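Colleague: Show me the folded form of this:
(one chain, ligands or ions: 2)
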Amino acid sequence: MEPSSMINLKQIQKSYPVGNQSLHVLKGIDMEVGKGELVSIMGSSGSGKSTLLNIIGILDGYDSGDYHLAGTLIKNLSEKRAAHYRNKFLGFVFQSFNLLNFKNAMENVALPLYYQKVSRKKRNSIALEYLDRVGLKEWAEHLPSELSGGQKQRIAIARALISDPKVILADEPTGALDSSTSKEVMEIFKEVNKLGKTVIIVTHEHDIAEGTDRIIMLKDGIILDRNFQLAS
Ligand code: ADP
Ligand code: MG
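Modeller: Ligands and ions are numbered 1, 2, ... in the order given. Model prediction:
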């Protein structure tokens, strides 16, 4: 493994039980993402992109192979260890934003610090800094229902950043946004990457994938190409 490796997957296999059968979803994934890389994962619906991202995010386990995150083997972890590594290393952004509707923008951004038992005053003040970074400081007191889709996703990105993770994982983060809003959100991911974060974005959109350093193409649970070139 390269010392510059952030994510290293070797022969990862994953099946889901479906009734008394088994659905083989990941069929031997070898994948390396370096520290500070900005990569996208493409592939048709059902090819295993979310399954792969959930394994990288330690939200789900795998059946065989090895996954190293920043040099640490992530395998057969207790829920407590898994939570520890998730909190220490990973930030998540989802298509559906996953904001709490009854919390304002600032409180949503501050949520990871709440779980880390940071005092309200301190976490809210840090949350305001992160809101500022995504250009939404003036929206701190607003509820998600008062925000546009693009604003909601920027809040979700600020929330992902607040625990200063090494890696940001985004599963179709622009899937619910129009194309101009998608571009704005992509610009934020690029800035985040420039600050040194490793960023992995699952996407269907060529515009988004084009903005990344490298495209990993998944097909039927295997990697077809680890440096895919879009036809231009
Ligand atoms: P993608 O994100 O590329 O669309 P997924 O990783 O979500 O693909 O799904 C890959 C395959 O695994 C699909 O056939 C899907 O139906 C199946 N699958 C995903 N999650 C589960 C689950 N929890 N239980 C059973 N099957 C699942
Ligand atoms: Mg998916």
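
Colleague: Distance of residue 24 relative to ligand 1?
Modeller: Using CB to the nearest ligand atom, to the nearest Å, one gets 9 Å for the distance from residue 24 to ligand 1. For every residue, glycine as well, the C-beta is placed using N, CA and C.

Colleague: Give me the phi and psi angles of that residue.
Modeller: With angles defined as degrees, to the nearest 10, residue 24 sits at phi -80, psi 110.

Colleague: Assess the claim that it and residue 221 are in contact.
Modeller: Yes. Contact criterion CB atoms under 8 Å: residue 24 and residue 221 qualify, at 6.7 Å.

Colleague: More neighbours: these two, which one.
Modeller: residue 221 (22 against 13; other CB atoms under 10 Å).

Colleague: OK, contacts around that one?
Modeller: Shown in contact with residue 221 (CB atoms under 8 Å, 6 or more residues apart in numbering): 24, 25, 26, 27, 29, 47, 48.

Colleague: again, 7 Å this time
Modeller: When contacts are counted by CB atoms under 7 Å, 6 or more residues apart in numbering, residue 221 is found next to 24, 25, 26, 27, 47, 48.

Colleague: Show me which residues of this protein sit near ligand 1.
Modeller: 16, 18, 23, 25, 43, 45, 46, 47, 48, 49, 50, 51 (CB under 6 Å from any ligand atom).

Colleague: could the residues you listed be laid out in JSON lines, adding secondary structure and neighbour count?
Modeller: Below are the residues of the chain next to ligand 1 laid out as JSON lines (DSSP: H, G, I helix; E, B strand; the rest coil; neighbours: other CB atoms under 10 Å):
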{"residue": "16", "secondary structure": "strand", "neighbour count": "12"}
{"residue": "18", "secondary structure": "strand", "neighbour count": "8"}
{"residue": "23", "secondary structure": "strand", "neighbour count": "11"}
{"residue": "25", "secondary structure": "strand", "neighbour count": "19"}
{"residue": "43", "secondary structure": "coil", "neighbour count": "23"}
{"residue": "45", "secondary structure": "coil", "neighbour count": "7"}
{"residue": "46", "secondary structure": "coil", "neighbour count": "11"}
{"residue": "47", "secondary structure": "coil", "neighbour count": "20"}
{"residue": "48", "secondary structure": "coil", "neighbour count": "22"}
{"residue": "49", "secondary structure": "helix", "neighbour count": "20"}
{"residue": "50", "secondary structure": "helix", "neighbour count": "20"}
{"residue": "51", "secondary structure": "helix", "neighbour count": "21"}
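
Colleague: Closest to ligand 2 out of those residues?
Modeller: residue 50 (3.2 Å; CB to the ion).

Colleague: Next up, the contacts around that closest one.
Modeller: Neighbour list for residue 50: 171, 202 [criterion: CB under 7 Å, 6+ apart].

Colleague: Do a quick rundown of the helices in this structure.
Modeller: Here the chain has its helices, by DSSP state H, at 49-56, 79-89, 105-115, 120-133, 149-161, 179-194, 206-210.

Colleague: in stretch 172-186, what's buried?
Modeller: 172, 173, 174, 175, 176, 177, 181, 182, 183, 184, 185, 186 (16 or more other CB atoms under 10 Å).

Colleague: my read: the last one touches residue 212, true?
Modeller: No. Using CB atoms under 7 Å, residue 186 is not in contact with residue 212; the gap is 8.8 Å.

Colleague: Since that was my last question, I'll sign off now.
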